[in-house]
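Chemist: Below: sequence and its predicted model.
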Amino acid sequence: MQTVDEFKKLLTQFVACKSISTDPAFAPEITKTVNWLKQLFTQHGFDVETFNGPSCNPIVLAHLTTHNSLPTVLVYGHYDVQPADRSDSWNSDPFSLVSKAGRLWGRGVLDNKGQVLIHIFSVLQLIKQQKLALNVKFLIEGNEETSNPDLPGIMRKNKTKLKSDYVLVSDGELVGDSPVIESSLRGGFNLTLKYTTAANNLHSGLAGGAVPNAALELSRFLSTLPKFTRLYQDVDPITSAQKANNRQLLKISANPLEIFGVKKLLMEPGLNVYTQTGLRPTLQITGLKSGYIDAGYANIVPATAEARINFRIVASQRPKDILALFKKFVAQHTPKYVKYEITSAGIHNPVKLNTSQPIFKSVADILTRVYGQKPLLKYVGGAIPFISDVKATFGTDTISVPFGNEDCNMHGANENFRLDLIKKGLAFSHHFFSSDKI
Ligand SMILES: [Zn+2]
């Protein structure tokens, strides 16, 4: 109990730093957070430095050598959080940690401050107990929520400083109450497609019926998206072992209809939700803009229309190839009288992890001991760009072991972390860093 109280004390301080990376107004809070982390690490004998990039918040690297003969683990996490405002359906101040109903509540309590702090805290405890059995490096960045454009370059430039035998990340959710080891993550990119059909919006009475309408032209194009079958180019075939693993996941998870709040799941034949989201690509229209939609009506023929599209692709696909194919598809399906423009951003590679290496067996054993059940593999639909950057820079397969509860509501109001799962996370981390078998 004492351990959890001490953990809570530290997390309270960490959460109180309003390290919102999306809004430059919070820059002083970012500085406060970085200083807090630096102090915490230096107090415990770590060498600490920060990396700066042209468009990112300081990245903290803390390094402790226990003994030269021991393997080194690099733990990655992020100190930045999504915005949060009390007025936005929060039951309490998001930056003041609350312990209630068996959970801790606050912004970043799980994503990712709470989860990375589990590892920091365990390591600090083990230092005190002189039981730390590994050399440790913590890399904690401040722009995970905004896709850090500088991180891959900084990693390449500081390869020697970041070098490690293993890489460990905890930044996600369990399935039900069961442990999982993440086995692949989707990659992808965002894209804006803008259609222009005239120099200005036109009068719907004087021109309507005689001129092209950007909203209609874009809608027509969007309705052809299912014909973009090249989206499935280079997708790895799904194995029967993967299907069996995902059938097990479905058995232990909450009902997906309830998780998503939808009436029906629309999947390819023979696939369940874990296979569909983890091992198949998708493209999603994430936003649409055209014409006039404020109070009253504007009798116009819109001259422009814009769609935002998010692409999620799987190993072994390459985002650049899919983007090039999509550009061709747009050219083919856009009438000559429509001018169009495509911009893309946030390109990141999918990653497939080789979880058959011995270290993953050790991790699975620790998870089994702590949770009382064997971990399943999780093919993650989302992305942690750092994990693909590690693979590209070092060739290392990251050990990605989430601790969070599925109903944590990260990014939303009342983000929370179940105390029983925090305890399990601490137990895992304690075993991991004190084990001489790793
Ligand atoms: Zn997040």
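Modeler: That came in fine, so what should we check first? Keep in mind that what you see is a predicted model, and the values were worked out from it rather than measured. Residues are numbered from 1 along each chain as shown.
Chemist: which stretches of the stretch 51-200 of the chain have low pLDDT?
Modeler: The stretch 51-200 of the chain contains no residues with pLDDT under 70.
Chemist: Any idea how many residues pack against Lys320?
Modeler: Other residues near Lys320 come to 12 when the count uses other C-beta atoms under 10 Å. C-beta coordinates here come from the backbone N, C-alpha and C atoms, glycine included.
Chemist: ditto for Leu124
Modeler: For Leu124, the neighbour count with other C-beta under 10 Å is 22.
Chemist: quick one: contacts for it?
Modeler: Applying C-beta atoms under 8 Å, 6 or more residues apart in numbering to Leu124 gives the contacts 40, 44.
Chemist: just checking, Ser69 is part of a helix?
Modeler: No. Ser69 is assigned coil when assessed by DSSP: H, G, I helix; E, B strand; the rest coil, not a helix.
Chemist: Okay, domains of this structure per the record?
Modeler: For the chain, automatic domain parsing gives the domain ranges 2-185+351-434, 188-240+263-348.
Chemist: who's in contact with the residue nearest to Arg308 when sequence neighbours are not counted?
Modeler: Nearest non-adjacent residue to Arg308, counting by C-beta to C-beta, 6 or more residues apart in numbering: Gly287, 3.9 Å away. Residues in contact with Gly287, defined by C-beta under 8 Å, 6+ apart, are 306-308.
Chemist: in stretch 290-298, what's buried?
Modeler: 290-291 (16 or more other C-beta atoms under 10 Å).
Chemist: What's the end-to-end length of it?
Modeler: End-to-end distance of stretch 290-298 (C-alpha to C-alpha, to the nearest Å): 12 Å.
Chemist: What average pLDDT does that stretch get?
Modeler: Averaged across stretch 290-298, the pLDDT comes to 97.
Chemist: Stretch 201-213 now?
Modeler: Confidence over stretch 201-213 (mean pLDDT, whole number) is 98.
Chemist: With just CA atoms, put that stretch into PDB.
Modeler: Extracted in PDB, the C-alpha atoms of stretch 201-213 (Å, rounded to 0.1, in the frame of the first residue of the first chain):
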ATOM      1  CA  ASN A 201     -19.000  30.900 -55.100                       C
ATOM      2  CA  LEU A 202     -21.700  31.500 -57.700                       C
ATOM      3  CA  HIS A 203     -25.400  32.500 -57.500                       C
ATOM      4  CA  SER A 204     -27.500  29.300 -57.400                       C
ATOM      5  CA  GLY A 205     -30.300  31.000 -59.300                       C
ATOM      6  CA  LEU A 206     -28.200  32.700 -62.000                       C
ATOM      7  CA  ALA A 207     -25.700  29.900 -62.500                       C
ATOM      8  CA  GLY A 208     -27.200  26.800 -60.800                       C
ATOM      9  CA  GLY A 209     -27.700  23.900 -63.200                       C
ATOM     10  CA  ALA A 210     -25.300  25.300 -65.700                       C
ATOM     11  CA  VAL A 211     -22.000  25.100 -63.800                       C
ATOM     12  CA  PRO A 212     -20.200  22.400 -61.800                       C
ATOM     13  CA  ASN A 213     -20.800  22.300 -58.000                       C
END
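Chemist: quick one: contacts of it?
Modeler: Residues from elsewhere that reach stretch 201-213 (C-beta under 8 Å, 6+ apart): 197-198, 291, 298-303, 335, 337-338.
Chemist: buried subset of these?
Modeler: Taking 16+ other C-beta under 10 Å as the criterion, what is buried in the contacts of stretch 201-213 is 197-198, 291, 300-303, 338.
Chemist: Among these, which lie within strands?
Modeler: 300-301 (DSSP state E).
Chemist: Check the buried ones among the contacts of stretch 201-213 and tell me the two furthest apart.
Modeler: Pairwise distances across those (C-beta to C-beta) peak at 17.1 Å, for the pair Ile300 and Val338.
Chemist: if we can go back for a sec, ok, and the most crowded of the contacts of Gly287?
Modeler: Within the contacts of Gly287, neighbour counts (other C-beta under 10 Å) peak at Ala307, which reaches 20 neighbours.
Chemist: Okay, and it sits in which element?
Modeler: strand 304-313 (DSSP states H and E).
Chemist: For Asn158, see how far away Thr65 is.
Modeler: Here the criterion is C-beta to C-beta, to the nearest Å. By it, Thr65 lies 17 Å from Asn158.
Chemist: quick one, which of those two is more surrounded?
Modeler: Of the pair Thr65 and Asn158, Asn158 is the one with more neighbours under other C-beta under 10 Å, namely 16 against 13.
Chemist: any idea how far Phe428 is from the closest residue to Asn409 other than its chain neighbours?
Modeler: With sequence-adjacent residues excluded and distances taken as C-beta to C-beta, 6+ apart, Asn409 is closest to Glu415, at 5.4 Å. According to C-beta to C-beta, Glu415 and Phe428 sit 21 Å apart.
Chemist: Could you verify that the residue nearest to Arg308 is part of a strand?
Modeler: Yes. Using three-state DSSP, the assignment for Gly287 is a strand.
Chemist: residue contacts, Leu376?
Modeler: Contact partners of Leu376, counting by C-beta under 8 Å, 6+ apart, are 175, 178-181, 245, 248-249, 252.
Chemist: Please consider this matter closed, and thank you.
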